[in-house]
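# 3D model of this:
(one chain, ligands or ions: 1)
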Amino acid sequence: MSKLNGKVALVTGASKGIGAGIARRLASDGAKVIVNYASSAHEADRVVGEIEGAGGTAVAVRADVRSKTEVDALIQTAVDHFGRLDVVVNNAGIYQFAKIEDTTEDLYRQQFDLNVLGSLLVTAAAVPFLGEAGSIINVSSFVTRILPTQSAIYSGTKGAIDAITGVLSRELGPRGIRVNAVNPGLIETDGTHANGVMGSEFQAWNEQQTPLGRIGQVTDIASIVSFLASDDAGWVTGEHIIGSGGMR
Ligand code: NAP
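Below you'll find the predicted structure:
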């Protein structure tokens with residue numbers, strides 16, 4: 001029996017990158033998966049097709065997680081479709097580095113609205129449906145430990161996620177709901193290709209500084225999330241697992 005058999009998992013921002021990798025892994029471990037996306041319907045359908053092609057079960061559901069109305073509809077659709085909800089992975093997020101002098105309201109709002117407000121709205125809407133043994137996993141970042149320059153806003157969003165993870169582990173623990181974070185190091189994704197990190201000096205610096213001598217792949221993070229989603233992690237809450245090949 002696969003370790004996530006019988007569970008239903010929502011992964012936000014699962015049309016690409018880390019979220020797509022998490023969706024594929026949770027499905028291969030037996031979960032039925034809701035593949036959330038905001039604009040990339042074709043990519044989300046491809047992830048669902050890959051899961052179904054491997055014998056799994058998934059459905060793509062569009063929702064901008066910055067909107068309470070859309071998030072409420074997303075959670076209701078998930079519950080209506082699969083009859084329950086056990087695992088929520090708050091993965092949707094963006095990263096835009098800038099010097100402090102170049103801070104703008106737009107840079108702040110784009111990153112805080114998606115990375116922080118989005119996670120809060122999804123968690124708030126999902127909690128009433130999560131039963132005993134529910135698991136919430138927040139995708140944070142190792143930036144909260146290595147504090148790269150020019151990342152004040154982005155690192156601020158992930159620092160908030162680290163704090164929210166701890167608070168909610170205490171608030172929801174008495175209801176049997178576990179809340180943990182995974183803090184990835186640099187990962188090769190659609191996003192890190194699109195913003196030019198791949199092939200940059202930042203990538204080379206990461207490889208030099210990482211004890212395991214490479215940057216991460218989405219599968220490196222997906223396996224950590226699968227563990228946190230499973231009953232094997234039933235005694236684990238309020239933790240932050242740094243998935244960075246030893247870089248810290
Ligand atoms: P990515 O490849 O750019 O993918 C981002 C995903 O988020 C896409 O599926 C996108 O869907 C979705 N998304 C964007 N806006 C959304 C919205 N308003 N509502 C719902 N979904 C939305 O990103 P990634 O590199 O995999 O990063 C994923 C997460 O990991 C982020 O939280 C990021 O901060 C964190 N992280 C990444 C790295 C890294 O090196 N890659 C390291 C540490 C932490 P659409 O295309 O449909 O909009």
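
# show me where this protein has helices.
Assigned by DSSP state H, the helices in the chain fall at 17-28, 41-53, 68-82, 105-112, 118-126, 143-146, 152-172, 190-194, 201-209, 218-229.

# Go through those and pick out the most buried.
helix 17-28 (a mean of 27; mean count of other Cβ atoms under 10 Å). C-beta here means a position set from N, CA and C on the backbone, and glycine is covered the same way.

# How about it and the ligand, any contact?
Yes - using Cβ under 6 Å from any ligand atom, helix 17-28 reaches the ligand at Gly17, Ile18, Gly19.

# what do you get for stretch 82-102?
Yes - judged by Cβ under 6 Å from any ligand atom, stretch 82-102 comes into contact with the ligand at Asn91, Ala92, Gly93, Tyr95.

# want to try CSV for the helices of the chain, with distance to Val35 as columns?
Shown next, in CSV, are the helices of the chain (distance: least, Cβ to Cβ, whole Å):
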stretch, distance to Val35
helix 17-28, 5
helix 41-53, 5
helix 68-82, 10
helix 105-112, 23
helix 118-126, 14
helix 143-146, 26
helix 152-172, 21
helix 190-194, 14
helix 201-209, 28
helix 218-229, 13
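
# which one of the ones you listed lies closest to Asn183?
Taking Cβ to Cβ, helix 143-146 is the member of the helices of the chain nearest to Asn183, at 6.5 Å.

# Which residues does the closest one contact?
Helix 143-146 has contacts (Cβ atoms under 8 Å, 6 or more residues apart in numbering) with Ser151, Tyr154, Ser155, Lys158, Gly159, Asp162, Asn183, Ile242, Met247, Arg248.

# so for stretch 143-154, what's the average pLDDT?
The average pLDDT within stretch 143-154 is 97.
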